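S.K.: here's a sequence, model it:
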Amino acid sequence: MRTQRKHTVFSQGDPCDAVFYIQRGQVRLSVVSRNGKEATLGILRSGDFFGEGCLVGQFLHMTTAVALTDCVILRVEKQAMMRALHEQGSLSDIFVSHLLKQDIRREEDLIDQLFNSSEKRLARILLLLAQFGKEGTPETIKPKITQETLAEMVGTTRPRVNFFMSKFKKMGFIDYNDGLRVHSSLLSVIVSD
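M.R.: Model prediction:
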């Protein structure tokens, strides 16, 4: 299915009856608490699965999935996905690899939340969003992401994110030429004590 930017793929509390695969684009997963506080759990990209809770008996979605960009998303009904996983070894390998990477990422996120300062958590989130890895090359974060969303992902306030973003800019770790560009030097914030 083709979805436009800001389209809600599913909402928290909707029936959980299919697995989704992002062929092109980016999707934001978020959750809202009973008192109305929203938190961004992650930004998914091409090649990511989501909604897989239906495969283990989850009846309702625990998150909301919204397209951050125009997307092409494959929706696979629960029974069809179960059958494909049993019959196609290569799909099973890809899916298990995705689940393991997702589990490791969530474990890293929890450790980060428990033991690191909000400044280090913001630096890590920016590096992840920029898909850090090309040595010495600034990476542009696409699509545009607000400081409010960054604050939700880091677990702090927007003014605090603004303070650190200004600091990162002054230190040359980020710039705003043609969008938010993250330099590999930002890694020094994470590794410093």
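S.K.: show me this structure divided up by domain.
M.R.: 2-114, 117-191 (automatic domain parsing).
S.K.: centre of the chain to the first one, how far?
M.R.: When C-alpha coordinates are averaged (CA atoms, centre = their mean, to the nearest Å), domain 2-114 and its chain have centres 10 Å apart.
S.K.: distance between the ends of it?
M.R.: Its first and final residues considered, domain 2-114 spans 38 Å by CA to CA, to the nearest Å.
S.K.: what about that domain, average pLDDT?
M.R.: Across domain 2-114, the average pLDDT comes to 92.
S.K.: hey, where'd the helices end up in the protein?
M.R.: For the chain, applying DSSP state H gives helices covering 78-87, 89-115, 118-129, 147-154, 158-170, 187-191.
S.K.: so what's residue 185 up against?
M.R.: Neighbouring residues of residue 185 by CB atoms under 8 Å, 6 or more residues apart in numbering: 172-173. Where C-beta positions appear, they are placed from N, C-alpha and C, glycine not excepted.
S.K.: I'd like the distance between it and residue 57.
M.R.: Taking CB to CB, to the nearest Å as the measure, residue 185 and residue 57 are separated by 46 Å.
S.K.: one step back: now the helices of the chain as a markdown table including mean neighbour count?
M.R.: Output for these, formatted as a markdown table (neighbours: other CB atoms under 10 Å):
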| stretch | mean neighbour count |
| --- | --- |
| helix 78-87 | 14 |
| helix 89-115 | 12 |
| helix 118-129 | 22 |
| helix 147-154 | 21 |
| helix 158-170 | 16 |
| helix 187-191 | 14 |
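S.K.: minimum distance to residue 179: which of these has it?
M.R.: helix 118-129 (11.3 Å; CB to CB).
S.K.: which elements pack onto that closest one?
M.R.: helix 89-115, helix 147-154, helix 158-170, strand 181-182, helix 187-191 (3 or more CB pairs under 8 Å, 6 or more residues apart in numbering; DSSP states H and E).
S.K.: in JSON lines, list those along with distance to residue 29.
M.R.: Converted to JSON lines, the helices and strands packed on helix 118-129 look like this (distance: least, CB to CB, whole Å):
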{"stretch": "helix 89-115", "distance to residue 29": "11"}
{"stretch": "helix 147-154", "distance to residue 29": "11"}
{"stretch": "helix 158-170", "distance to residue 29": "19"}
{"stretch": "strand 181-182", "distance to residue 29": "21"}
{"stretch": "helix 187-191", "distance to residue 29": "23"}
